[in-house]
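Novice: What follows is a protein structure lacking sequence information:
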């Protein structure tokens with residue numbers, strides 16, 4: 001790993017989600033991913049979750065990937081559901097990996113493949129769950145072909161991943177109206193437009209289609225405000241990027257939406273196989289008919305300190 005300047009950024013984050021139902025909901029079960037998972041590079045000092053109406057049952061636990069998960073049950077009729085998460089979190093700058101010194105991508109793919117005569121390490125076994133298809137990420141030959149110019153013979157895996165990240169950043173246009181949560185990746189690839197979720201899913205598909213392990217990371221990103229203008233409350237959004245498994249370096253993050261290796265401006269909430277594993281709020285309801293959804297996110301920097 002290459003040495004980097006040690007710096008810490010502190011943020012206050014507010015994430016408010018409100019559902020308004022056309023008719024009352026009689027029963028509701030919800031899964032919530034709004035508290036950040038433990039990471040060596042970040043520390044959450046304060047986390048609160050305000051829920052209206054008060055749930056009948058509430059339980060905090062971890063999901064199968066180790067992410068904090070809150071289970072909610074509502075057994076009284078309600079016309080709205082509002083959840084407000086507030087976080088105070090410090091994020092440290094991460095050491096930048098030596099991309100050129102990483103293993104060749106072909107050897108990593110072979111390492112992750114099944115061989116009856118070998119006993120893979122715990123890290124490799126854990127990585128294998130992020131090597132296969134998942135609900136939002138299909139493995140297809142077209143994704144291999146799209147990344148052919150990035151994954152040339154004997155290219156170090158982290159160099160190839162960086163090239164893949166840059167290719168998506170360069171060839172795709174960020175367009176919040178171009179896709180929906182259910183838009184197939186093939187359509188995203190054809191139209192070359194989408195949002196961070198689409199770009200993360202596409203990069204994951206290109207990696208997994210070559211037998212490599214990649215996971216979907218959800219969180220927040222500090223966004224820049226125009227010079228001289230105040231930061232708007234509720235104008236930020238959730239963000240998504242990719243983490244790639246490398247035997248020497250462990251998991252290394254790449255942000256194809258911004259063509260960068262995440263640092264202390266990226267706040268990690270959760271990771272999984274794709275968005276469906278780490279959706280901020282998902283569940284089932286009885287009643288409700290149609291509904292309106294309003295989401296407001298504010299990422300406010302508090303203090304940035306550097307150490308020489």
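Specialist: That came through, no problem. For clarity, every value in this text was computed on a predicted model and none was experimentally measured.

Novice: ok, now which ones touch the closest residue to residue 157 other than its chain neighbours?
Specialist: Of all residues not flanking residue 157 in the chain, residue 105 sits nearest, at 4.2 Å (C-beta to C-beta, 6 or more residues apart in numbering). Placement of C-beta: from N, CA and C, glycine included. Neighbour list for residue 105: 151, 155-157, 160, 210, 212 [criterion: C-beta atoms under 8 Å, 6 or more residues apart in numbering].

Novice: same thing but at 10 Å, please
Specialist: 150-161, 207, 210-212, 244, 246 (C-beta atoms under 10 Å, 6 or more residues apart in numbering).

Novice: the helices in the stretch 151-300 of the chain, which residues?
Specialist: Using DSSP state H, counting those that start in this stretch, the helices found in the stretch 151-300 of the chain span residues 157-171, 185-191, 196-208, 275-278.

Novice: so what's the backbone phi/psi at the residue lying closest to residue 263 once chain neighbours are set aside?
Specialist: Computed as C-beta to C-beta, 6+ apart, the closest residue to residue 263 that is not its neighbour in sequence is residue 93, at 5.2 Å. Per-residue torsions, residue 93: phi -70, psi 140 (degrees, to the nearest 10).

Novice: give me the number of residues near residue 93?
Specialist: 18 (other C-beta atoms under 10 Å).

Novice: how far away is it from residue 8?
Specialist: Distance, residue 93 to residue 8, using C-beta to C-beta, to the nearest Å: 7 Å.

Novice: quick one, domains of this structure?
Specialist: For the chain, automatic domain parsing gives the domain ranges 8-92+279-303, 99-277.

Novice: what about the longest one, start to end distance?
Specialist: Using C-alpha to C-alpha, to the nearest Å, one end of domain 99-277 lies 29 Å from the other.

Novice: re the thing from before, which stretch among the helices of the stretch 151-300 of the chain comes nearest residue 260?
Specialist: Smallest distance to residue 260 across the helices of the stretch 151-300 of the chain (C-beta to C-beta): 8.2 Å, for helix 157-171.

Novice: Let me see the mean pLDDT of the closest one.
Specialist: Averaging pLDDT along helix 157-171 yields 98.

Novice: and what of stretch 39-59?
Specialist: 97.

Novice: gap between the two ends of that stretch?
Specialist: Distance across stretch 39-59, first residue to last, is 22 Å (C-alpha to C-alpha).

Novice: Could you do stretch 248-259 as well?
Specialist: With C-alpha to C-alpha, one end of stretch 248-259 sits 23 Å from the other.

Novice: Now do the buried residues in that stretch.
Specialist: By neighbour count on 16 or more other C-beta atoms under 10 Å, the buried set for stretch 248-259 is 249, 251-258.

Novice: Tell me the one among the residues you listed nearest to residue 170.
Specialist: Distances from residue 170 to the buried residues of stretch 248-259, taken by C-beta to C-beta, are shortest for residue 256, at 9.9 Å.

Novice: Help me confirm that the closest one comes into contact with residue 169.
Specialist: Yes. Counting by C-beta atoms under 10 Å, residue 256 touches residue 169, with 5.6 Å between them.

Novice: which regions of the stretch 151-300 of the chain sit below the pLDDT cut-off?
Specialist: In the predicted model of the stretch 151-300 of the chain, residues 231-235 satisfy pLDDT under 70.

Novice: again with the stretch 1-150 of the chain
Specialist: Using pLDDT under 70, the stretch 1-150 of the chain drops low at 1-6, 116-117.

Novice: go with 80
Specialist: 1-6, 114-118 (pLDDT under 80).

Novice: need the strands for it, in chain order.
Specialist: Using DSSP state E, counting those that start in this stretch, the strands of the stretch 1-150 of the chain run over residues 6-32, 42-52, 57-62, 68-74, 78-92.

Novice: Show me what the longest one is packed against.
Specialist: If you count contacts as 3 or more C-beta pairs under 10 Å, 6 or more residues apart in numbering; DSSP states H and E, strand 6-32 packs onto strand 42-52, strand 57-62, strand 68-74, strand 78-92, strand 214-221, strand 266-272, strand 281-287, strand 291-307.

Novice: buried set for it?
Specialist: In strand 6-32, counting by 16+ other C-beta under 10 Å, buried: 8-11, 13-17, 19, 21, 25, 27-30, 32.

Novice: one step back: can you tell which of the helices of the stretch 151-300 of the chain is closest to residue 284?
Specialist: Closest among the helices of the stretch 151-300 of the chain, using C-beta to C-beta: helix 275-278, at 14.3 Å.
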